[in-house]
Each structure stands twice: as C-alpha cells, then as structure tokens.
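Participant: How does the following fold in three dimensions:
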Amino acid sequence: MEHEIRRWEHNYRALSAHHRALLAHLPAKAAAARRAVQQNQMFIKALLMDFAGLDEEDEQQQQQQQQGGCVGAGAAGGSSDEEGGAAGGGSGGVPGDLAAAALRFANQMEAEQQQCGPADAEKVRYVLKNLVRDWSAEGALERQQCYARLVAALKQCFQGWSQPQPPRVLLPGAGLGRLCAEVAAAGFEAQGNEFSYFMLLTASFLLNSTSCSEQWTVHPWVHMTCNNVTNEDQLRAVGVPDVVPSSLVPPGMLSMCAGDFVEVYSRPDMAGSFDAVVTCFFIDTAHNILEYLEVIHKVLRAGGFWLHMGPLLWHWADGSPDELSVELSLADVQQAALLTGFRLLSQEFVDAAYIGSAVSCLAP
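Facilitator: Okay, the predicted model is just below:
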C-alpha cells in the first residue's frame, strides 16, 4: 500500500501550485492513510505471529493428524471429525505447513524489505474487505441478505430431523468462516472448505485466537480511491470481530478443511458424507461448473439438500486462452443439475451485496 500512497503524493506534486492550493488537505490525508496502513499491518503481523509457535515438530504432528487438511476449529471446542480431526485450539484451525510457510514468507519479506507483489497485495485487500462482511457490525446487512437467508432455509429443510446426531453440512468456499459459524450456531455440524491460504490463516486466527469483540481495528477501505463520499469514509476504522466466535459455535460443531474443493471431496471416502451442501457466492469460481455439480451431488446422502445463493460472475472468464472456463447461463446450470440427479424444489431472485462499502457513492 505504501507505493499507492507515494503515487498519490507524486500526482499531487505534479499539479500546478494553484491546483495544489485548492487541495491543500491532501498531504494530511496521505499521512492519515499511512497510519491506517500501519494499523492494518499490526493486525496482519499479529495474525502471522499467532502461528510462530509452529516449529517442525508441531508441523509433523499436525500432518500426521490430518487427512486431507481437515481439522477441528478451536472456536468449536477443538473437536475432531471423522475425515481427520486435529483436536485443539490456537493455530489448530489451519494446516501447520500452510501456517509455517506463510510465516516464513512474511519474515523473509520483512528481512529483505521486499514489497508484496500486486497479486498478493490484492488478496490481502480482499481479506480486509471480507473482514468487514464476515466479522464486523458494518457487515451485518450483507450477512442478513445472504447468511441469514441460507440458515433459515437450512432450518426449514431439516425441521423434521429425528436422528440423534445433528445434520452434517458442507460449506465450500468458506472464506473467513462466519457462515460456517452461523450454521453451527443453528445446531448443524458444519465443515467449511477453503482453498486460499490467505483466507484460511485469517479464519483460523479469528476462530481460535480472539478473546473479545472488536479486539482488532482495521482500515479495509484505505486502498479504495473511487466512489468515496468523503476522505473520512475511505480512512475509517472497523472493529473486528463483532462477536467472539467461541460464543457462536457450540463445542464439536465446526471443522475446516483446506484444499481444492474438487480434489478433496471427489475422494471415494467422501461419498454420501453430508446431509446438506450450502454454497454462497461460490459456484462461479469453477473452471468447470459441471465438476462442481457432480462433486456436490456425490457428497450428499440420499435425500440431501443443496442450498445455493450467489451470482454467475465466472471468475475465469477473463483468464488466458489456455485457462479452462465453462461459462453457462443460469438455465444451463439448472438443466445440468437436473441431469446430474438434483430436483429443483424452489428458487427466488434477491438483492444481495458483496464486500461493498456501506458509505460509498454506490451504496444503496
């Protein structure tokens, strides 16, 4: 982000003296932005240092305990699950090799005073905005539009459940884990799946290592230079988390599984493992949506439910020509789902925002 602030300053200095006088407050804005970026860095450093205790012995123990990267989340009481449960809190919510590798990478960059590359910088910005969506008071409206609707539908699907064990629910594309926590809080055994180690590390930190609400302060919009109503809106602070995750999740009801969705859940031992699959802003991440449909259908037990909410903003549509990207209409996706073995029980179209600033020029 420092190079961005320097760009602002360079452009300001390029103005004529008359124009600089009209915008005399901008140097103070740049200084405030630097302080905001330092606050973000404090959060990220604390996140990474939370995994500093993972030495080689810890990594070996975790790798022996894990099968496919699935571990019990500490906020869920450190329980294990049948896919491979590493019990424990602390950094137990994310595979040890990912945590240790991320820490080594960050320390190396700091020692060599390297700048984060553009792709990784964008991922960090994405995490910061997802912190707002999943774990801040400001994100409550987005969660109400999406998560609350899905949880309500899930409850309706299983209102007559009579088995001694709660229904098992898989949540691919779990991100920072709030929907997983809400599903677990509703009485379901939730397993989140996430591919991005940026998301995994942050989710593990929040689920396992926060002890009070708004323990951390971040400035998620400091990088956003377009459609700001005021400079204060761009630089504003957001406290996270809005609730302590352990207060949401009953013991033994939440686990996280690291890895590519298709690779992890197409394994033979995953067949019929879940009573429901819940996807939220996820299926358009597929290179080939047909693979997603097949895997979702395979992991469901007979009579299971798939609940989905989200757009079809195919993530790989603008990729290189060599990158597989199957971009279908909603009608095509539904037809493929029916041919895969699903039955359509209901559908509706609703408005739902995604990692948007509540006070931008584009806010509703």
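
Participant: State the pLDDT value of the closest residue in space to Asn227 that isn't next to it in sequence.
Facilitator: Computed as Cβ to Cβ, 6 or more residues apart in numbering, the closest residue to Asn227 that is not its neighbour in sequence is Cys361, at 4.1 Å. The C-beta positions use only the backbone N, C-alpha and C, and glycine is treated the same way. With respect to pLDDT, Cys361 has a value of 94.

Participant: What does Cys361 show for phi and psi?
Facilitator: As for Cys361, its main-chain torsions (degrees, to the nearest 10) stand at phi -60, psi -20.

Participant: What's the separation between it and Cys226?
Facilitator: Using Cβ to Cβ, to the nearest Å, one gets 8 Å for the distance from Cys361 to Cys226.

Participant: And Ala185, by the same measure?
Facilitator: Counting by Cβ to Cβ - Ala185 and Cys226 are separated by 36 Å.

Participant: and if you look at Gly259?
Facilitator: 35 Å.

Participant: Looking at those two, which one has more neighbours?
Facilitator: More crowded of Gly259 and Cys226, by other Cβ atoms under 10 Å: Gly259, with 16 against 8.

Participant: And the more buried one, how close does it get to Ser320?
Facilitator: From Gly259 to Ser320 the distance is 24 Å (Cβ to Cβ).

Participant: Against which helices or strands is the helix ranked longest in the chain packed?
Facilitator: Ordering each helix of the chain by length in residues (DSSP state H) puts helix 26-49 first. Helices and strands touching helix 26-49, by 3 or more Cβ pairs under 8 Å, 6 or more residues apart in numbering; DSSP states H and E, are helix 2-13, helix 96-111, helix 197-209, strand 216-218, helix 231-235.

Participant: Show the average pLDDT along the second one.
Facilitator: Okay, so that is helix 96-111. Helix 96-111 shows a mean pLDDT of 55.

Participant: Return the next helix or strand after it as PDB; C-alpha atoms alone will do.
Facilitator: Next helix or strand after helix 96-111 toward the C-terminus (DSSP states H and E): helix 118-135. Listed next in PDB are the C-alpha coordinates belonging to helix 118-135 (Å, rounded to 0.1, in the frame of the first residue of the first chain):
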ATOM      1  CA  PRO A 118       0.500  -7.000  -6.900                       C
ATOM      2  CA  ALA A 119      -1.400 -10.300  -6.900                       C
ATOM      3  CA  ASP A 120      -0.700 -11.000  -3.200                       C
ATOM      4  CA  ALA A 121      -1.400  -7.300  -2.300                       C
ATOM      5  CA  GLU A 122      -4.800  -7.700  -4.000                       C
ATOM      6  CA  LYS A 123      -5.500 -10.900  -2.000                       C
ATOM      7  CA  VAL A 124      -4.700  -9.000   1.300                       C
ATOM      8  CA  ARG A 125      -7.100  -6.200   0.300                       C
ATOM      9  CA  TYR A 126      -9.700  -8.900  -0.400                       C
ATOM     10  CA  VAL A 127      -9.200 -10.400   3.000                       C
ATOM     11  CA  LEU A 128      -9.600  -6.900   4.600                       C
ATOM     12  CA  LYS A 129     -12.900  -6.300   2.800                       C
ATOM     13  CA  ASN A 130     -14.100  -9.800   3.800                       C
ATOM     14  CA  LEU A 131     -13.300  -9.000   7.400                       C
ATOM     15  CA  VAL A 132     -16.000  -6.300   7.200                       C
ATOM     16  CA  ARG A 133     -18.500  -8.700   5.500                       C
ATOM     17  CA  ASP A 134     -18.000 -11.600   7.900                       C
ATOM     18  CA  TRP A 135     -16.800 -10.200  11.200                       C
END
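
Participant: which strands and helices sit next to helix 118-135?
Facilitator: Using 3+ Cβ pairs under 8 Å, 6+ apart, helix 118-135 sits against helix 140-145, helix 178-185, helix 197-209, strand 238-240.

Participant: export these to a markdown table and tack on mean pLDDT and distance to Val151?
Facilitator: A markdown table is the format used below for the helices and strands packed on helix 118-135 (pLDDT from 0 to 100; distance: least, Cβ to Cβ, whole Å):
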| stretch | mean pLDDT | distance to Val151 |
| --- | --- | --- |
| helix 140-145 | 97 | 10 |
| helix 178-185 | 97 | 5 |
| helix 197-209 | 91 | 18 |
| strand 238-240 | 98 | 21 |
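
Participant: Which of those sits closest to Ile44?
Facilitator: Of all the helices and strands packed on helix 118-135, helix 197-209 sits nearest to Ile44, with 8.7 Å by Cβ to Cβ.

Participant: rewinding a little: who's in contact with the residue nearest to Asn227?
Facilitator: Neighbouring residues of Cys361 by Cβ atoms under 8 Å, 6 or more residues apart in numbering: 227-229.

Participant: Can you flag the buried ones in the residues you listed?
Facilitator: Those of the contacts of Cys361 that meet the buried threshold are Asn228, by 16 or more other Cβ atoms under 10 Å.

Participant: burial measure for Met346, as a count.
Facilitator: For the record, residue 346 is Ser, not Met. Residues lying near Ser346 (other Cβ under 10 Å) number 7.

Participant: Repeat that for the one 3 residues further on.
Facilitator: Burial of Phe349, expressed as a neighbour count using other Cβ under 10 Å, amounts to 6.

Participant: That's all I had, so thanks and see you.
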